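A.B. asks: Pasting the sequence and the predicted model now:
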Amino acid sequence: MNPLKSLILGAITLVAILAIISISLPRHIYIQRDILIQAPAEAAYEQISDIRNWPNWLPGHHHEPARAVMQASQPHGIGTKHSWVSQRSGIKPGVVTIVSAEPHKRLVTNLEFEGEEKAHSTFTLLETAEGTLLTWHFEKYMGDHPLRKFSGLLLDSTLGEEFEDGLENIKREVESQRLLTEN
């Protein structure tokens, strides 16, 4: 067989295999991370529900302190927005909007990057004997496009690391404030 025909046939076979695999890939991705905070749920909730605190813990702000951040007129509550424009390449402008809030228990946000589908993020707080278990859950519809579905597989490792960083930052902020108020 002609080498060119073999190359074309191999490429077609590879595309067909990837297309078949992509059919079985999920259309939705879910990422979840949690952390135990040595403080009451009320203190942890205050850190995540007040957007004035977000630059202290939100992933990306520590890596890019010069990013342009715009905040809504109200610091907390349903409809509060936190938006940004990044100077880093590959980071699109975005906005996070609080869409549901149950004080000391749960906070739900929508995340929108320019030109992409909305993603949903939920923070849940559970008081335990050891402290407050803070869970950060993320959900996004990836659609049917094979490349988007394959990229969704990578999000758990990349975005998951950012969630872990953000949760560590929240823990640090809440626990350090608790130490200040106790002294």
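C.D. replies: Sure, I can see it. Numbers count the residues shown, from 1 in each chain.
A.B. asks: so who does the closest residue to Thr135 other than its chain neighbours touch?
C.D. replies: The shortest distance from Thr135 to any non-neighbouring residue, by CB to CB, 6 or more residues apart in numbering, is to Asp34 (4.1 Å). Just so you know, the C-beta spots here come from the backbone N, C-alpha and C atoms, and that holds for glycine as well. Asp34 is in contact with 133-136, 167, counting by CB atoms under 8 Å, 6 or more residues apart in numbering.
A.B. asks: Go through the residues you listed and say which is closest to Ser121.
C.D. replies: Trp136 (6.9 Å; CB to CB).
A.B. asks: And for the closest one, the neighbour number?
C.D. replies: 22 (other CB atoms under 10 Å).
A.B. asks: Then Thr97?
C.D. replies: Residues lying near Thr97 (other CB under 10 Å) number 17.
A.B. asks: For Glu168, see how far away it is.
C.D. replies: When distance is defined by CB to CB, to the nearest Å, Thr97 is 24 Å away from Glu168.
A.B. asks: Check Ile37 too.
C.D. replies: Relative to Glu168, Ile37 is positioned 10 Å away (CB to CB).
A.B. asks: related to what we said a few turns ago, what about the residue nearest to Thr135, helix or strand, and which?
C.D. replies: Per DSSP states H and E: Asp34 is located in strand 28-37.
A.B. asks: Okay, strands next: where are they in the chain?
C.D. replies: 28-37, 68-71, 81-85, 94-102, 106-113, 119-128, 131-141 (DSSP state E).
A.B. asks: rounded to a whole number, what's the mean pLDDT of the last one?
C.D. replies: Going back to what we said before, that points to strand 131-141. Mean per-residue pLDDT for strand 131-141: 94.
A.B. asks: ok, and for stretch 33-43, which residues are buried?
C.D. replies: By 16 or more other CB atoms under 10 Å, the buried positions in stretch 33-43 come out as 33-35, 37, 39-41, 43.
A.B. asks: State the mean pLDDT of that stretch.
C.D. replies: Stretch 33-43 comes out at a mean pLDDT of 95.
A.B. asks: Can you show me the CA trace of it as CSV?
C.D. replies: In CSV, the C-alpha atoms belonging to stretch 33-43 read as follows (Å, rounded to 0.1, in the frame of the first residue of the first chain):
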residue,chain,number,x,y,z
ARG,A,33,-12.9,19.2,47.2
ASP,A,34,-13.3,19.7,50.9
ILE,A,35,-11.4,20.9,53.9
LEU,A,36,-11.8,20.9,57.7
ILE,A,37,-11.6,24.4,59.2
GLN,A,38,-11.0,24.9,63.0
ALA,A,39,-13.8,27.5,63.4
PRO,A,40,-17.6,27.6,63.5
ALA,A,41,-19.6,27.5,60.3
GLU,A,42,-20.6,31.1,60.8
ALA,A,43,-17.0,32.3,60.5
